[in-house]
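Q: Sequence unavailable; structure follows:
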């Protein structure tokens, strides 16, 4: 028997899993971009990592700190931190992913 998400707590955890997955994919993309050999590209262009986060999310807080460390160590990585829950445009962009 399949249990459907009902109630606020279930929707919160479903959203938290989605945010966590997005953050994990962003971390993977940053690591892959930093590990890519410089000789593989003719000119080193900056890599932009779009990081979706939400105020009060403990996973987001830890992930953003780790991503800032990675971006600080790599000259060609730029973080685009996009806050969810405050702007409908940001939420719509996140829903597209």
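A: That came in fine, so what should we check first? Predicted model, so just to flag it, every value in this text is computed and none were measured.

Q: Show me where the protein has its helices.
A: With helices called from DSSP state H, the chain shows them at 7-35, 58-73, 88-96.

Q: which ones are touching residue 30?
A: 47, 49, 67, 70-71, 74, 77 (CB atoms under 8 Å, 6 or more residues apart in numbering). Just so you know, the C-beta spots here come from the backbone N, C-alpha and C atoms, and that holds for glycine as well.

Q: Run through this protein and note the low-pLDDT ranges.
A: Per-residue confidence for the chain (pLDDT under 70) gives these ranges: 1-16, 33-43.

Q: To residue 81, which of the helices of the chain lies closest?
A: Taking CB to CB, helix 58-73 is the member of the helices of the chain nearest to residue 81, at 6.7 Å.

Q: So which elements touch that closest one?
A: Taking 3 or more CB pairs under 8 Å, 6 or more residues apart in numbering; DSSP states H and E as the contact definition, the neighbouring helices and strands of helix 58-73 are helix 7-35, strand 47-54, strand 77-84.

Q: okay, the ones you listed, which one's buried deepest?
A: strand 47-54 (a mean of 18; mean count of other CB atoms under 10 Å).

Q: Direction included, what does that one pair against?
A: Strand 47-54 pairs in its sheet with strand 77-84 (parallel), by DSSP bridges.

Q: what's in contact with the strand it pairs with?
A: Contacts of strand 77-84 (CB under 8 Å, 6+ apart): 19, 30, 33-34, 46-55, 64, 67-68, 70-71, 90-91, 93-94.

Q: at 6 Å instead, please
A: 30, 46-52, 54, 67, 71, 90-91, 94 (CB atoms under 6 Å, 6 or more residues apart in numbering).

Q: Can you add distance to residue 84 and give these back as CSV?
A: Compiled in CSV, the contacts of strand 77-84 are given as follows (distance: CB to CB, whole Å):
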residue, distance to residue 84
30, 19
46, 24
47, 22
48, 18
49, 16
50, 12
51, 11
52, 6
54, 4
67, 16
71, 20
90, 6
91, 6
94, 6
